[in-house]
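S.K.: after the sequence you'll find the predicted model.
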Amino acid sequence: MKANNFSKYVVTHKAVIGLTVALLAVLGLSYWQWQEIQKVQTEQRQQEQLLTETETVLAQVRTELQDLQNSDPHKTNMELQARIEVIEETYQDLLTVYETIDDFENGSYPQNQISEMRKLFANLLDLTSKRDYEGVVEAMTEVTKKIAEYEADQAQKLLAAAQAEAAKLAAQQTQTGGTTTGATGTTTTASAPASNDPPSNGYARQVVSSDAGAFTVSIVAGDLGSTRVIVDTASGSDCFNDCPVLPLAEYVGRNGAYAGINGSYFCPASYPSCAGKTNTFDLLAMNKDKVYFNSDNNVYSNNPGVIFSPGSVRFIGAVSGWGRDTGIDGMLSNYPLLVADGNVVFGGDDDPKKGSKGNRSFVANRGSIVYIGVVHSATVAESARVMRAMGMENALNLDDGGSTALWFGGYKVGPGRALPNVILFTHR
């Protein structure tokens, strides 16, 4: 009896220890989750506070600008005109910097860089609120340098990641006799660390050499013989403010797609300049339900577009020449057109956003293969030259920055912010 009781005691004791360990593990996990939630909530509060401060200072700048512009023209001298120009420039610069920080936060930049950008921007707001425009110019120079530094750092990290991934694929290729299996079950040839040849199907991440330099490209191929390309929208019809948006992953899931990418430019709710028109897009589109968006205000549009039909794709220089045909699978307008008939057709313009380094999404084609992807850490003009180097016949720029997202069996780039429209690859 004593031995029996002792055995029961040992079993019970072990059970208590096991339950205690399990309880401590659960408590430890719960505490870690609580810390992560607190961290996210703190970052959200910081972002909301920065947005509030930005809107307050921008409102002050707008008011001062309007007061000056409404002054008696006879009293407006050269000095006053110069001051107006400085204020206008400051206003635009603040918007640009804030939107860049917002893109950083929706991209893959490390938190320490985002925090540093917030501090520099807070200093800009402080100087602006004090009407210290000379100080603003000096501080803006520092901010611009820091943005360039972080973008260059991001480019190096992406290049290293692409080379490491390509080396891993090459090793897998050797082990499996030259092929690997993609996320959709299709068999794809592994890419070399550096290659200008896009994949014939599936996904690749490769380093492409162009006359503008070497760039990392994340790219997905869809053969129109087996792939249907569609455009999906969060809204069912035209929307003019507070419009619905969805993550790319949700679009992919609800359509049974195997790949997807962000769509056209739109006005994110986090941009101060988008107040009163949040999450809207004003470019022409036709979604999978054969609904055309923004048709009336694109009758005379000179913006280019891409049209997806069963077994074919067509790029046009201006959507004003496109009727509202619903016999197609989908269409989307954006800008600029990068490559047409194998030639670069965009060499840059005076838009500072297009001229800055960032992730550049695109849709392109070579024959009956449609490509979606991202050229990393490039200007829009550099992206066009990368497209030509890859032998693309046509290529159209898509939205970028913090909206950039690419899906192939999971996020390859992104997830970025929620989107009002996307391009998807589905099995035909």
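M.R.: That came through, no problem.

S.K.: can you pull out the strands in the stretch 201-350 of the chain?
M.R.: Taking DSSP state E, counting those that start in this stretch as the test, the strands found in the stretch 201-350 of the chain are 202-210, 213-223, 227-233, 259-262, 285-286, 292-293, 305-309, 312-316, 330-333, 337-340, 343-344.

S.K.: redo the ones you listed as a markdown table? Include mean neighbour count.
M.R.: To be clear about C-beta, it is placed using only N, CA and C from the backbone, and glycine gets the same treatment. Compiled in a markdown table, the strands of the stretch 201-350 of the chain are given as follows (neighbours: other C-beta atoms under 10 Å):
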| stretch | mean neighbour count |
| --- | --- |
| strand 202-210 | 22 |
| strand 213-223 | 22 |
| strand 227-233 | 24 |
| strand 259-262 | 28 |
| strand 285-286 | 26 |
| strand 292-293 | 20 |
| strand 305-309 | 23 |
| strand 312-316 | 18 |
| strand 330-333 | 25 |
| strand 337-340 | 23 |
| strand 343-344 | 14 |
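
S.K.: compare the ones you listed and give me the one nearest residue 372.
M.R.: strand 259-262 (4.1 Å; C-beta to C-beta).

S.K.: neighbouring strands of the closest one in the sheet, and parallel or not?
M.R.: If you go by DSSP bridges, strand 259-262 pairs up with strand 406-408 (antiparallel), strand 421-427 (antiparallel).

S.K.: average pLDDT across that strand?
M.R.: Mean per-residue pLDDT for strand 259-262: 98.

S.K.: using CSV, write down the CA coordinates of that strand.
M.R.: Output of strand 259-262 as CSV, limited to C-alpha atoms (Å, rounded to 0.1, in the frame of the first residue of the first chain):
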residue,chain,number,x,y,z
ALA,A,259,-1.0,35.9,-58.0
GLY,A,260,-1.8,39.6,-57.7
ILE,A,261,-0.4,43.1,-57.5
ASN,A,262,-1.6,46.6,-56.4
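
S.K.: quick one on the thing from earlier: out of the strands paired with strand 259-262, which one sits most buried?
M.R.: strand 406-408 (a mean of 27; mean count of other C-beta atoms under 10 Å).

S.K.: following that strand, which helix or strand comes up?
M.R.: As assigned by DSSP states H and E, the chain's next helix or strand after strand 406-408 is strand 411-413.

S.K.: so which elements touch that following strand?
M.R.: Contact here means 3 or more C-beta pairs under 8 Å, 6 or more residues apart in numbering; DSSP states H and E; on that basis strand 411-413 packs against strand 213-223.

S.K.: who does the strand it packs on pair up with?
M.R.: strand 202-210 (antiparallel), strand 369-378 (antiparallel).

S.K.: who touches it?
M.R.: The contact list for strand 213-223, computed with C-beta atoms under 8 Å, 6 or more residues apart in numbering, reads 155, 158-159, 161-162, 194, 198-208, 229, 259, 261, 368-378, 382-383, 386, 390, 406, 408, 412-413, 425.
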